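Student: build the 3D model from these lines:
(one chain, ligands or ions: 1)
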Amino acid sequence: MSNYETILVENRGGVAILTINRPDKLNALNSKVHAECVAALDDLRNNAEIRVLVITGAGEKSFVAGADISEFAGKTAITQRNIFYDRSLFNSIDSFPKPVIAMINGFCLGGGCELALACDIRLASEKARFGQPEINLGIIPGGGGTQRLTRLVGEGKAMEIILAGEMIDALTAFNLGLVNHVFSPEELEAKTLELANKIAEKSPIALQMAKEAVKLASRSNLDEGLRREVDLFAICFSTEDKEEGVTAFLEKRKPVFKGR
Ligand code: COA
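Tutor: Numbers count the residues shown, from 1 in each chain. Prediction:
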């Protein structure tokens with residue numbers, strides 16, 4: 001896979017692992033990391049071999065400890081707005097057509113928490129710590145934190161996390177519904193790959209339609225969501241994968257989906 005300076009991208013049998021690789025800075029998102037992640041997502045989006053994407057942080061301490069604060073000094077409002085407005089990493093993950101799993105191995109703060117929130121599924125180590133500490137810097141979350149966190153955990157809990165700016169531990173995050181599962185640090189990677197591989201066996205087209213349909217639930221009214229779901233469901237009936245899935249069930253064998 002392509003060479004980058006601040007991230008590592010590997011293909012493990014159809015599951016891509018994108019590792020943000022600045023462990024000495026707790027994998028803080030500077031503009032280079034941001035640009036390389038967006039470029040890697042563009043690459044992976046068009047790579048038919050890749051069925052699922054896992055995003056994680058290098059080292060044992062941190063997933064991503066937020067935007068690189070040193071880049072905030074002196075930055076103008078319009079520059080910051082332009083970075084986040086169109087082709088932000090958060091939007092690139094949100095619109096990624098394949099399942100994205102955040103493998104949260106440590107600090108998951110600020111833009112790191114927003115990155116995880118943009119993913120479809122969040123799996124965490126017991127050592128992970130979560131938070132939106134932007135308020136402590138005199139700013140607010142700008143990568144979707146106020147919107148995605150609120151949709152996931154509800155307004156009251158999101159308000160507390162964003163207004164108090166304190167960290168919460170992995171168990172608290174689990175109880176809030178912020179993460180799907182919590183594992184020991186030793187188990188995290190194996191459990192993540194187990195889930196990723198399970199998902200990677202499904203029809204990529206059905207996965208894409210399912211993602212789109214689920215995301216509609218919090219972005220449209222019920223009638224529109226139900227109508228669009230029927231359309232996306234019907235699109236699956238135009239695929240070879242649907243014939244394969246149904247035939248395999250009737251023949252009592254495992255389906256082999258080709259993404260057609
Ligand atoms: N931006 C830039 N650098 C960061 C960073 C960030 N968001 N988070 C950590 N770092 C750097 C530290 O400056 C330090 O660099 P140095 O060794 O050159 O001094 C290095 O990463 C290690 O961090 P350190 O603070 O020494 O580790 P710690 O274990 O004492 O504390 C945290 C860990 C996460 C509590 C602390 O680093 C922190 O509060 N980071 C900022 C979190 C944040 O506010 N994120 C939201 C930004 S909008």
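Student: give me phi/psi at Phe10?
Tutor: One correction, residue 10 is Glu, not Phe. In terms of degrees, to the nearest 10, the main-chain angles of Glu10 are phi -130, psi 150.
Student: OK, contacts around the residue nearest to it when sequence neighbours are not counted?
Tutor: Using Cβ to Cβ, 6 or more residues apart in numbering and skipping residues adjacent in sequence, the residue nearest Glu10 is Ile17, 5.2 Å away. Using the backbone N, CA and C atoms, a C-beta is placed for each residue, glycine as well. The neighbourhood of Ile17, defined by Cβ atoms under 8 Å, 6 or more residues apart in numbering, consists of 8-10, 54, 56.
Student: Phe63 sits in which helix or strand?
Tutor: strand 62-64 (DSSP states H and E).
Student: about what we covered before: which among the contacts of Ile17 count as buried?
Tutor: 9, 54, 56 (16 or more other Cβ atoms under 10 Å).
Student: out of the contacts of Ile17, which is nearest to the ligand?
Tutor: Lowest distance from the ligand to these (Cβ to the nearest ligand atom) belongs to Thr56, with 16.4 Å.
Student: near the ligand at all, stretch 43-59?
Tutor: No - Stretch 43-59 stays out of contact with the ligand when judged by Cβ under 6 Å from any ligand atom, the minimum separation being 10.3 Å.
Student: can you tell me the distance between the two ends of that stretch?
Tutor: Terminal residues of stretch 43-59 are spaced 25 Å apart (Cα to Cα, to the nearest Å).
Student: hey, where'd the helices end up in the stretch 151-260 of the chain?
Tutor: With DSSP state H, counting those that start in this stretch as the criterion, the stretch 151-260 of the chain has helices at 155-164, 170-176, 188-200, 204-216, 222-236, 240-250.
Student: give the buried residues for stretch 238-257.
Tutor: By 16+ other Cβ under 10 Å, the buried positions in stretch 238-257 come out as 239, 241-242, 244-245, 255, 257.
Student: and the contacts of it?
Tutor: With Cβ under 8 Å, 6+ apart, stretch 238-257 has contacts from 201-206, 236, 258-260.
Student: buried subset of those?
Tutor: Among the contacts of stretch 238-257, those classed as buried by 16+ other Cβ under 10 Å are 202-206, 236.
Student: quick one: the spatially most central residue of the chain from the ligand, how far?
Tutor: Centroid-nearest residue in the chain: Cys119, 1.8 Å away (criterion: Cα atoms, centre = their mean). Using Cβ to the nearest ligand atom, to the nearest Å, we find Cys119 at a distance of 18 Å from the ligand.
Student: if we can go back for a sec, and the helices of the stretch 151-260 of the chain as TSV, adding distance to the ligand and mean pLDDT?
Tutor: Converted to TSV, these look like this (distance: least, Cβ to the nearest ligand atom, whole Å; pLDDT from 0 to 100):
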stretch	distance to the ligand	mean pLDDT
helix 155-164	12	98
helix 170-176	15	98
helix 188-200	19	98
helix 204-216	25	97
helix 222-236	33	97
helix 240-250	42	98
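Student: leaving out chain neighbours, which residue sits closest to the closest residue to the ligand within the stretch 101-250 of the chain?
Tutor: Relative to the ligand, the nearest point of the stretch 101-250 of the chain is Gly110 (2.6 Å; Cβ to the nearest ligand atom). Spatial nearest neighbour of Gly110, chain neighbours left out: Gly66 (2.9 Å); criterion: Cβ to Cβ, 6+ apart.
Student: out of the buried residues of stretch 238-257, flag the one nearest to Gln132.
Tutor: Nearest to Gln132 out of the buried residues of stretch 238-257 is Phe257 (Cβ to Cβ; 38.1 Å).
Student: quick check: the gap between the closest one and Ala35.
Tutor: Distance, Phe257 to Ala35, using Cβ to Cβ, to the nearest Å: 33 Å.
Student: what of Arg219?
Tutor: From Arg219 across to Ala35, the span is 27 Å (Cβ to Cβ).
Student: which one of these two has more residues nearby?
Tutor: Ala35 (16 against 10; other Cβ atoms under 10 Å).
Student: in what helix or strand does the more buried one lie?
Tutor: Using DSSP H and E, Ala35 falls in helix 31-45.
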